[in-house]
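Novice: Give me the fold of what follows.
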Amino acid sequence: MTWLEEILIQCPQCGEEFAIQIETAEDGSVELIEDCAVCCRPATVRITTEAGEVTAVDVVAA
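Specialist: As a prediction, this is how the structure comes out:
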């Protein structure tokens, strides 16, 4: 089963917020690189999920 959730993250380089979709079906953490939807610079996004919900999000410049 796949559960997708849309979350807003803030670009660590330009400060603008943009939405990404993540899968929350499994507990644990995932790290991915997302390009900012505004300035196109990459950011490392670390997301922790538990019981189908996002419990922590950390975004840093890649």
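Novice: and the gap between the residue positioned nearest the centre of the chain and Pro12?
Specialist: Centroid-nearest residue in the chain: Val45, 4.9 Å away (criterion: Cα atoms, centre = their mean). Here the distance between Val45 and Pro12 works out to 10 Å (Cβ to Cβ, to the nearest Å). Quick note: C-beta positions are derived from backbone N, CA and C, even for glycine.
Novice: which residues are in contact with both of these two?
Specialist: Val59 (Cβ atoms under 8 Å, 6 or more residues apart in numbering).
Novice: re earlier: work out for me the element the residue nearest to the centre of the chain sits within.
Specialist: In this assignment (DSSP states H and E), Val45 forms part of strand 42-50.
Novice: what do you get for Glu31?
Specialist: Per DSSP H and E: Glu31 is located in strand 28-35.
Novice: about what we covered before: give me the beta-bridge partners of the residue nearest to the centre of the chain?
Specialist: Beta bridges link Val45 to Leu32, Val59 when assigned by DSSP bridges.
Novice: show me what contacts it?
Specialist: Shown in contact with Val45 (Cβ under 8 Å, 6+ apart): Ile9, Ile20, Glu31, Leu32, Ile33, Glu34, Val57, Asp58, Val59.
Novice: For the fourth one, give me the pLDDT.
Specialist: Read it as Leu32. Leu32 is assigned a pLDDT of 95 by the prediction.
Novice: remind me which residues of this protein are low pLDDT?
Specialist: Residue ranges of the chain with pLDDT under 70: 1-2.
Novice: circling back to that earlier point, how far away is the residue nearest to the centre of the chain from Leu4?
Specialist: Val45 is 15 Å from Leu4, by Cβ to Cβ.
Novice: repeat for Cys11
Specialist: Applying Cβ to Cβ, the value for Cys11 to Leu4 is 21 Å.
Novice: for Ala61, same thing?
Specialist: Separation of Ala61 from Leu4 (Cβ to Cβ): 26 Å.
Novice: Can you check what angle separates the strand holding Val45 from strand 28-35?
Specialist: Put simply, strand 42-50 runs at 160 degrees to strand 28-35, going by axes from the mean of the first three to the mean of the last three Cα atoms, to 10 degrees.
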